[in-house]
Every structure is written in C-alpha cells, then in structure tokens.
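Student: Whatever this is, show me its structure:
(one chain, ligands or ions: 1)
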Amino acid sequence: MSVYKLKMRHTRRFQEIINTFLRHGLSHVLFRLGLTSRKSSKADAGGMNMQDVGVKLRHALQDLGPTFIKLGQVASSRRDLVPEEIAKELEKLQDHVSTVPFETIKAILEEELDGQLDQFFMHVDEEPLAAASIGQVHVAQLHSGEQVAVKVQRPNIETNVEKDLSIIRDIASYLEENTTWASTYRLCDLFDEFSRSMREELDYRVEGRNCERIGKQFEDCTTVYIPNVLWEYSTEKVLTMEMVTGIKANHFSSLDEAGYDRKLIAGRIVNSMFHQILEEGFFHGDPHPGNIHILPGNVVSYLDFGMVGRISDDMKYHFASLLIDLRKGHTKGLIKTFTAMGILTDDTDMRLFTRDVEDLQSRYYEVALNEISLGNIFMELFKVAYRHHIQVPMELTILSKAILTLEGLITKLDPELSIMKAIEPYGKKLVMERYDPRNVLKKSWNETVENLEILSQLPKDFKAIATTVRKGKLQLDINVQQAQIFLRRLDRISNRLSFSIILLSFSILMVGLIVGASIAGQTNMLWRFPIIEVGSIVASLMFLYLIITIFKSGRM
Ligand SMILES: Nc1ncnc2c1ncn2[C@@H]1O[C@H](COP(=O)(O)OP(=O)(O)OP(=O)(O)O)[C@@H](O)[C@H]1O
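Tutor: Residues are numbered from 1 along each chain as shown. Below is the predicted model of the structure:
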C-alpha cells in the first residue's frame with residue numbers, strides 16, 4: 001500500500017491524526033515513518049531528547065482519544081520495543097481524560113437499560129467518580145439502598161474506535177511493507193492482538209464475566225475481595241458493580257493514617273496475583289494502584305477487569321523454568337525452554353542467540369533477590385528475543401506487563417519485599433507438579449482419550465481405515481515382540497557357545513600338552529600318571545558341559 005492510498009481511504013480522520021502530530025511538534029517522527037514529506041526544523045528524532053519526544057507523543061495521543069490512549073498505555077509496557085524515556089511518559093496516559101456531561105450519560109443509561117433512570121436507581125451522582133478513556137464511572141444508589149458503581153461507555157465510542165483501529169492497521173501494514181523494523185517486529189500481528197483486546201474491552205459483558213471468574217478464584221478467601229456484578233443493571237455499554245469503598249493502594253499516607261499494615265498488604269497483593277497467574281492461569285492484566293483498593297482488615301480488592309491475561313499450563317511451566325534457569329545461571333536450560341516454547345525459527349542464529357542469553361543471565365546470576373526486578377528481567381529477555389526476530393507469545397508479554405506494574409506498587413508499599421523471592425515457591429511447585437508421575441500419567445491418559453475421541457468422530461470410511469491401521473499396528477507389535485524374543489535367545493546361545501568354545505580349546509590344549517610331554521619323554525613318570533588322569537577327567541567334564549550347553553541352547 002502506498003501512503004497516498006492510505007490517505008485516500010480515511011481522508012478526514014487520517015488528516016486529523018497527521019495534524020495532531022504536527023501540532024505537537026512531531027513532524028520528524030512522521031517524516032521518519034514516511035507518513036509526511038515535511039521535514040522538521042530539527043534534523044531528526046535521533047538528535048532529539050527522547051523524553052521530549054515522549055512528552056509530545058503523550059499529548060498527541062491524549063488529544064486523539066481512547067484508541068490512541070490505550071495504544072499508548074500498551075506501548076508503555078513494551079520496553080523491549082519502546083525507548084525507556086518514551087515509555088515512562090506514556091505511562092502517564094492513565095485516566096487524564098475529559099468528562100462526558102451528565103445529560104449524555106443519562107441518555108445512554110436510559111437507552112441501554114430501556115427505561116427511565118429513576119426506574120432503576122434511587123439516585124445517580126451527576127459528578128463522575130472517575131473518567132477513563134472508554135467509560136465514565138458514577139456512584140449510584142439502588143432502590144434497595146445498596147450503593148453501586150455504574151460504568152457507562154462514552155458516546156459513539158465503538159464507531160470511533162473501529163475507525164481508528166482500521167487506520168492504524170493500514171499504517172501498520174504500510175510500515176511493514178516499507179520498513180525493516182516494522183517487518184522484523186511483525187507490527188501487524190502486534191497490532192491485531194491489540195485490536196482484539198480493545199474490542200473485548202468495548203463489551204462490558206466480557207468485563208463482567210472476567211470479574212466473576214476471578215471472583216470465583218477467591219470465593220473462600222478472606223483476604224481478597226472481588227465485587228459482585230449486578231447483571232440486571234448491566235449491558236454491553238453499562239457495567240454496574242457493587243461499590244467498593246476502600247483506600248487506593250498507592251495512597252500511602254491514607255493507608256498509614258487508617259492504621260493499615262503496608263507490609264501485610266504488599267504480601268497479600270503479590271500472593272493473590274501469583275495465585276491468579278501461576279495456579280489459576282487467568283489473571284488481572286492491569287493491576288495498577290487505581291485498580292487496587294484496600295478495605296478494613298487489610299483486605300485487597302481488585303477492580304477493572306477489562307484486560308485479563310490467560311496463561312496455559314505449558315506456558316506456566318516455561319515461565320517457571322525461565323526463572324529457575326536464570327537464577328541458577330543455566331544458559332542451556334534457558335535455550336532449552338525457548339526451544340520448548342516453539343518460538344525459535346530456522347533462521348535463529350543459535351550461536352549468537354546463546355551468546356546474548358549467556359550475557360543476560362551473567363548479569364543476574366547471584367545478584368541479591370531483592371535487587372532484581374522480575375519485570376525488567378523479562379523485558380530484557382524479550383529484547384534479546386526481538387533482536388533475534390523471535391516473536392514472544394502474547395500471553396507472556398501481558399504477564400510481564402502485569403508483573404512490571406505490580407512491582408512499581410510493591411516496591412513502594414514494602415521496599416523489602418522481593419517479588420523474585422515471593423515467586424520462587426510457586427515456580428518450584430510448578431516444576432514439581434510437572435514431574436509428578438501422577439500428572440505425567442494423567443497427561444498421557446488425557447491424550448489417549450483425546451485421540452480416541454477424535455477417532456470416534458471420524459466418518460465411517462475413515463473409521464474402517466483407522467481400524468485396519470490399528471490392526472496392522474497390533475500385528476506389527478506382535479512381530480516386533482517375536483523378533484525380540486528370537487534375538488534374545490540368539491544372544492544367550494552365542495554367549496554360552498563362546499564360553500563352551502573357550503573350555504573346549506582349553507581342554508584340547510591340556511590333552512595336547514600331556515600327550516606331547518609323554519611322547520617326548522620329558523616328563524617324570526612319578527607325576528605323569530596323575531596329570532594324565534586328572535587332565536582326562538577335566539577334559540571329559542568340560543566336554544560334557546559343552547554337550548549339555550549346546551543341547552540346552554538348542555531347546556530354548
Ligand atoms: N466497583 C467500584 N467501586 C469503587 N470504585 C470503582 C468501582 N469501579 C470503578 N471504580 C473507580 O473508577 C475508576 C475507573 O474504573 P475502571 O478502572 O473500571 O475504568 P477503566 O477500565 O480504567 O476505564 P477505561 O477502560 O475506560 O480505561 C477505578 O479506578 C476506580 O477508582
């Protein structure tokens with residue numbers, strides 16, 4: 001696609017995006033991307049202060065609205081792709097958005113719930129509790145008196161987001177066709193993954209279901225609280241939840257004033273996150289302090305389940321293996337895990353890759369645990385992977401982003417707590433579970449059942465073929481078994497035969513010696529007699545053994 005085609009397809013919005021970037025002094029960025037022919041007065045971005053670029057980019061994305069804000073937020077967590085200074089600026093994109101007037105919110109609520117507002121709520125606060133990029137949260141009271149938080153989607157958000165997603169997708173494929181870095185990083189794949197999660201976030205019913213699923217993980221837990229979803233007041237664009245009135249996890253002075261135990265809270269947050277990630281395999285993908293509230297009794301409450309991460313059993317194990325090998329300084333183990341993850345390609349230069357991994361692990365080997373940032377380790381590992389054109393699975397990138405976010409909060413809540421240390425028992429448990437014979441058996445049993453299920457779903461003809469193949473395999477197995485028995489017999493016969501041949505040779509040698517000695521008359525008569533007698537008896541016994549052995553071997 002050419003840049004002209006790109007402009008033609010989305011004339012107005014595309015121009016708006018370009019103008020916003022230009023207005024914020026980012027012409028050099030557009031020029032470098034080949035999206036504009038206008039050159040900046042400053043030579044290029046390379047000569048510019050990266051933090052300055054970050055600030056300008058943040059302002060531009062903020063002005064461009066929800067899709068770009070979310071894109072910036074996601075980019076801020078990809079330190080393997082985005083320079084550190086820019087990533088730090090993009091992190092600030094959280095929550096700084098304009099509010100939607102209450103009249104508009106009321107209209108959306110009434111349309112979505114299909115009735116007058118007072119039919120559903122006794123009261124709705126006109127002043128929003130929070131204004132986020134996709135929605136706005138209002139505190140309300142049900143007729144039952146229960147206080148709830150109602151999240152309402154911004155007007156026309158879906159149409160606008162779809163339009164933006166399609167423009168950015170076109171820009172991504174234009175860049176992939178025209179620049180090496182974009183094709184190396186498979187920009188379109190990355191962006192498609194972003195689009196998928198953005199579309200999911202536009203449907204609040206998905207968020208409600210995510211919330212319930214995580215709620216179930218802590219059903220019997222008294223130290224973690226997940227609010228209930230009120231489905232009768234929720235739709236695709238409205239999410240009503242039980243109101244959580246706690247203190248935000250990063251309001252440290254308020255926590256101290258209320259007499260909360262910061263260390264205890266930090267431990268509970270870390271353990272509840274690792275439980276979600278490494279035991280349940282389904283976790284809160286954005287545990288930033290605004291989404292974690294602390295309730296009386298140091299109870300941790302999570303909010304906002306728009307972004308969740310999923311991690312398969314295999315990936316959990318790979319993750320634990322990476323950690324353990326990093327700590328032990330096992331480069332081979334790390335390479336083995338990367339191979340097992342199936343992400344190395346035929347083009348991967350194993351020699352260079354091994355050298356880079358070695359270099360990385362040597363920096364962490366035997367460093368005190370509380371000095372290590374797990375999130376940073378993973379970002380660096382990903383950087384190595386990307387340098388070698390290895391696509392890191394999305395489930396791992398969401399995971400490392402969640403850990404990085406978590407670390408930011410934990411280091412402030414309890415500077416002595418080491419996430420690396422806290423994760424160790426979970427990692428060890430995972431590895432032990434992997435090698436537990438019961439699980440190995442269970443896995444192979446499950447695979448057999450799966451195969452049988454697949455077989456039973458095959459059409460009739462295929463079933464007949466499968467039966468013939470199975471019979472053939474059975475016959476083959478029998479033949480192999482018989483061949484093995486025959487070979488074992490042959491082996492035994494040859495062993496005995498070789499022993500017998502040695503004995504026979506020995507007997508012949510002895511007889512030969514005695515006969516030779518007597519003929520030559522060099523032997524004293526006094527002891528020639530017993531030698532001949534004993535020699536003949538030994539020779540006869542050996543001969544007898546030989547006959548018996550040959551006879552027995554033949555019958556086996
Ligand atoms: N059930 C609740 N109880 C108390 N406060 C809530 C509740 N739900 C949301 N909030 C408040 O509203 C803020 C924004 O809500 P939430 O995090 O769900 O929106 P968001 O997902 O960040 O929005 P967006 O997806 O538009 O970026 C939260 O950080 C929290 O302070």
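Student: And the pLDDT at the residue in the stretch 301-450 of the chain that the ligand sits nearest to?
Tutor: At 3.2 Å from the ligand, residue 304 is the closest residue in the stretch 301-450 of the chain, using Cβ to the nearest ligand atom. From N, CA and C alone the C-beta is placed, and that goes for glycine too. At residue 304, the predicted lDDT confidence score is 93.
Student: what's around it, how many residues?
Tutor: Around residue 304 sit 23 other residues, with neighbours defined as other Cβ atoms under 10 Å.
Student: ok, and the closest non-adjacent residue to it?
Tutor: Distance criterion Cβ to Cβ, 6 or more residues apart in numbering; nearest residue to residue 304, sequence neighbours excluded, is residue 291 at 4.4 Å.
Student: Return the distance of the one you found relative to residue 118.
Tutor: According to Cβ to Cβ, to the nearest Å, residue 291 and residue 118 sit 31 Å apart.
Student: Those two - which one has more neighbours?
Tutor: The residue with more neighbours, out of residue 291 and residue 118, is residue 291; 18 against 11, by other Cβ under 10 Å.
Student: Was I right to think that one contacts residue 302?
Tutor: Yes. Counting by Cβ atoms under 8 Å, residue 302 is a contact partner of residue 291 at 6.3 Å.
Student: Just the strands from the chain, written as ranges.
Tutor: 121-124, 130-131, 135-142, 147-153, 224-225, 238-242, 247-248, 282-284, 292-295, 299-302, 308-310 (DSSP state E).
Student: Now render those strands as JSON lines, adding mean neighbour count.
Tutor: Shown next, in JSON lines, are those (neighbours: other Cβ atoms under 10 Å):
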{"stretch": "strand 121-124", "mean neighbour count": "16"}
{"stretch": "strand 130-131", "mean neighbour count": "16"}
{"stretch": "strand 135-142", "mean neighbour count": "20"}
{"stretch": "strand 147-153", "mean neighbour count": "22"}
{"stretch": "strand 224-225", "mean neighbour count": "20"}
{"stretch": "strand 238-242", "mean neighbour count": "23"}
{"stretch": "strand 247-248", "mean neighbour count": "18"}
{"stretch": "strand 282-284", "mean neighbour count": "23"}
{"stretch": "strand 292-295", "mean neighbour count": "22"}
{"stretch": "strand 299-302", "mean neighbour count": "22"}
{"stretch": "strand 308-310", "mean neighbour count": "20"}
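Student: Just give me the longest helix of the protein.
Tutor: Counting residues, the longest helix found in the chain (DSSP state H) is helix 460-520.
Student: now the strands of the chain as TSV including distance to the ligand?
Tutor: Listed next are those as TSV, based on distance: least, Cβ to the nearest ligand atom, whole Å:
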stretch	distance to the ligand
strand 121-124	14
strand 130-131	3
strand 135-142	4
strand 147-153	3
strand 224-225	11
strand 238-242	4
strand 247-248	7
strand 282-284	11
strand 292-295	7
strand 299-302	8
strand 308-310	12
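Student: With distance to residue 426 added, can I get those in CSV?
Tutor: Converted to CSV, the strands of the chain look like this (distance: least, Cβ to Cβ, whole Å):
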stretch, distance to residue 426
strand 121-124, 43
strand 130-131, 33
strand 135-142, 33
strand 147-153, 32
strand 224-225, 16
strand 238-242, 29
strand 247-248, 27
strand 282-284, 12
strand 292-295, 20
strand 299-302, 17
strand 308-310, 15
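Student: which stretch among these comes nearest residue 232?
Tutor: Closest to residue 232 of the strands of the chain is strand 238-242 (Cβ to Cβ; 8.2 Å).
Student: mean confidence score for the closest one?
Tutor: The average pLDDT within strand 238-242 is 98.
Student: got the angle for that strand vs strand 147-153?
Tutor: Here strand 238-242 runs at an angle of 160 degrees relative to strand 147-153 (axes from the mean of the first three to the mean of the last three Cα atoms, to 10 degrees).
Student: now for strand 238-242, which elements pack on it?
Tutor: Judged by 3 or more Cβ pairs under 8 Å, 6 or more residues apart in numbering; DSSP states H and E, strand 238-242 is in contact with helix 102-113, strand 147-153, helix 204-217.
Student: just the ones you listed: most buried one?
Tutor: Neighbour counts (mean count of other Cβ atoms under 10 Å) averaged over each of the helices and strands packed on strand 238-242 peak at strand 147-153, with a mean of 22.
Student: Can you give the strand pairings for that strand, parallel or anti for each?
Tutor: If you go by DSSP bridges, strand 147-153 pairs up with strand 135-142 (antiparallel), strand 238-242 (antiparallel).
Student: Nearest to residue 547, out of the ones you listed?
Tutor: strand 238-242 (93.2 Å).
Student: how close does the spatially closest residue to residue 414 that is not a sequence neighbour get to the ligand?
Tutor: Closest residue to residue 414 apart from its sequence neighbours, by Cβ to Cβ, 6+ apart: residue 266 at 3.7 Å. Distance of residue 266 to the ligand, computed by Cβ to the nearest ligand atom, to the nearest Å: 19 Å.
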